[in-house]
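Q: Give me a 3D structure for the following:
(one chain, ligands or ions: 2)
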Amino acid sequence: MPKILVTGGMGYIGSHTVVELINAGYEPVIVDDLSNSHPRILEQITKITGITPVFHKVDLCDETSVKKLVEAEQDIAGIIHFAAYKAVGESVKDPLKYYHNNIYSLVNLLQGYHGKPVGLVFSSSCTVYGQPDQLPVNENAPVKPAESPYGNTKQISEEILKDTIASGANYKIISLRYFNPVGAHESALIGELPIGVPQNLIPYITQTAIGKREKITVFGNDYNTPDGSCIRDYIHVVDLAKAHVAAIKLLEKDEFKGYDVFNLGTGKGNSVLEIITAFEQTTGVNLNYSIGPRRDGDVEQVWGDVKKAKEKLNWETMLGIDTMMASAWAWETYLSKNPL
Ligand code: NAD
Ligand code: WQD
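A: Ligands and ions are numbered 1, 2, ... in the order given. All right, here's what the predicted structure looks like:
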């Protein structure tokens, strides 16, 4: 079984990807410092798959630990690099924390495996497009000045990866630009685990519905969209996880060389108000919500052109908004009965 190193594999998208790698016959090896994840996620992965992956508790910013990791894990067929901090608001307040962790961990990892022929998949974000001039936005659209230090770490990381390939290093690299990942595994044993007050829409909705939050505020209904609320391309995390397996398979091919980048979304946009309605209709739970002012830094509307991923990764999304809402709700309900 080809071994795939999954950094950040205890996190939200990482844990779902570990499950899909196992389902596809790979042997994932998890590297995580648990700075934004719970140790029990490993057990949850075992409950789903019957397999307990090897887990290295390593901070990728620690050069010595990364050297030891590379010595211990020489025979890997690929790397999926999820490990990073991701809270946009926190990155504005503490930019150095974000530049240090997100950039230094990537550089350490690349230096660690330098000289070895390894395929690497990198977690990028649609945030690199800002408010695109054309919708749906494709991979050739210009990268706009980042709205936050977090977003900037994704832009800088993409540049680092391109420069690494241009230098003739022995890597093959794919950057995946995710739109808005939501939902949870159908088992409801893994899902998103926001620490503190959630910043993102879906965990805020589910925490309001379960009674942890009093109400949810819709950030603006005066945008130039059909119902006035912002539009995003929400993608089910299991579809997203499967795209990483597809990216690993593309990297395995001799004809794939160098560096490439793919949008990962459904290709369709939904407004905040549509999401609230979908949640209420799918779960039968009424949400306490009100309309509030716009949130600083929000783009009005964005959804992806996903033709390139369909053609070259041979991948497309299968799961719709209803499944996203139902699975996110099942996970929140599970957590309320089985707190991690
Ligand atoms: P997450 O926080 O759930 O997972 C990230 C994992 O990385 C955590 O388990 C954390 O403990 C670990 N980690 C962080 N710094 C580390 C370090 N220095 N060494 C070792 N482990 C470290 O986040 P997620 O939502 O699963 O996101 C995964 C990746 O996808 C991130 O790079 C994120 O920026 C990117 N991304 C996420 C979204 C989203 O909305 N969730 C959208 C676009 C891109
Ligand atoms: C979605 C929509 C809000 C909360 C962020 C990052 C981005 C990427 C994904 C990593 C927006 C509205 C939200 C609430 C609301 N992450 N909203 N009330 O901002 O599209 O993207 O996560 O790369 O970089 O910026 O996602 O879930 O925060 O918001 O009305 O309480 O929901 O205004 O329109 P966003 P989100």
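Q: tell me the contacts of the residue of the stretch 201-340 of the chain found nearest ligand 2?
A: Here the stretch 201-340 of the chain gets closest to ligand 2 at one residue, C230, 3.0 Å apart by C-beta to the nearest ligand atom. C-beta here means a position set from N, CA and C on the backbone, and glycine is covered the same way. Listed by C-beta atoms under 8 Å, 6 or more residues apart in numbering, the contact partners of C230 are F219, G220, Y223, S271, V272, D298, V299, E300, Q301.
Q: Verify the assumption that K212 is located in a strand.
A: No - counting by DSSP: H, G, I helix; E, B strand; the rest coil, K212 is not part of a strand but coil.
Q: Quick check: the gap between it and Y204.
A: 10 Å (C-beta to C-beta, to the nearest Å).
Q: what do you get for K68?
A: For K68, the distance to Y204 - C-beta to C-beta - is 40 Å.
Q: from this protein, which residue is nearest to ligand 1?
A: G11 (2.0 Å).
Q: quick one: contacts for the residue lying closest to H38 once chain neighbours are set aside?
A: Take H38 and drop its neighbours on the chain: the residue closest to it by C-beta to C-beta, 6 or more residues apart in numbering is L340, 4.6 Å away. Going by C-beta under 8 Å, 6+ apart, L340 touches H38, R40, I41, L193.
Q: Derive a PyMOL selection command for the buried subset of the residues you listed.
A: Command for PyMOL, covering only those of the contacts of L340 found buried under the criterion 16 or more other C-beta atoms under 10 Å:
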select buried, resi 38+41+193
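Q: Throw the contacts of L340 into a markdown table and include pLDDT and secondary structure, thanks.
A: Formatted as a markdown table, these follow (pLDDT from 0 to 100; DSSP: H, G, I helix; E, B strand; the rest coil):
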| residue | pLDDT | secondary structure |
| --- | --- | --- |
| H38 | 97 | coil |
| R40 | 97 | coil |
| I41 | 98 | helix |
| L193 | 96 | coil |
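Q: Is P194 in a helix, a strand, or coil?
A: Classified using three-state DSSP, P194 is coil.
Q: what's the burial count for A241?
A: A241 is flanked by 22 other residues according to other C-beta atoms under 10 Å.
Q: Verify the stated contact: it with V19.
A: Yes - A241 is within contact range of V19, at 6.9 Å (criterion: C-beta atoms under 8 Å).
Q: Need the overlap of contacts for the two.
A: With C-beta under 8 Å, 6+ apart as the test, A241 and V19 reach no residue in common.
Q: And the pLDDT at the residue nearest to R40 when sequence neighbours are not counted?
A: Distances taken as C-beta to C-beta, 6+ apart place L340 nearest to R40, at 5.1 Å, with adjacent residues excluded. On pLDDT, L340 comes in at 90.
Q: now do A141
A: 98.
Q: Equivalent analysis for D133, please.
A: pLDDT, D133: 96.
Q: tell me the SS of it?
A: Classified using three-state DSSP, D133 is coil.
Q: Tell me which residues touch the residue of the chain positioned farthest from its centre, please.
A: Most distant from the centre of the chain: D222, at 28.8 Å, with distances by C-alpha atoms, centre = their mean. Counting by C-beta under 8 Å, 6+ apart, D222 makes contact with G228, R294.
Q: Now do the SS call for it.
A: coil.
Q: all helices for the stretch 101-250 of the chain, in order.
A: 104-112, 149-166, 201-210, 237-252 (DSSP state H, counting those that start in this stretch).
Q: Distance to ligand 2 added to those, as JSON lines?
A: Formatted as JSON lines, the helices of the stretch 101-250 of the chain follow (distance: least, C-beta to the nearest ligand atom, whole Å):
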{"stretch": "helix 104-112", "distance to ligand 2": "15"}
{"stretch": "helix 149-166", "distance to ligand 2": "6"}
{"stretch": "helix 201-210", "distance to ligand 2": "4"}
{"stretch": "helix 237-252", "distance to ligand 2": "12"}
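Q: Compile those into CSV and extend it with columns for mean pLDDT.
A: Compiled in CSV, the helices of the stretch 101-250 of the chain are given as follows (pLDDT from 0 to 100):
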stretch, mean pLDDT
helix 104-112, 98
helix 149-166, 98
helix 201-210, 98
helix 237-252, 98
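Q: need those in CSV with distance to Y98, can you?
A: Shown next, in CSV, are the helices of the stretch 101-250 of the chain (distance: least, C-beta to C-beta, whole Å):
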stretch, distance to Y98
helix 104-112, 10
helix 149-166, 5
helix 201-210, 20
helix 237-252, 22
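Q: Check the burial of K268 by counting its neighbours.
A: 17.
Q: Is it part of a helix or strand, or is it coil?
A: coil.
Q: Contact residues of the stretch 1-150 of the chain facing ligand 1?
A: 8, 10-14, 32-37, 59-61, 82-86, 101, 105, 123, 125 (C-beta under 6 Å from any ligand atom).
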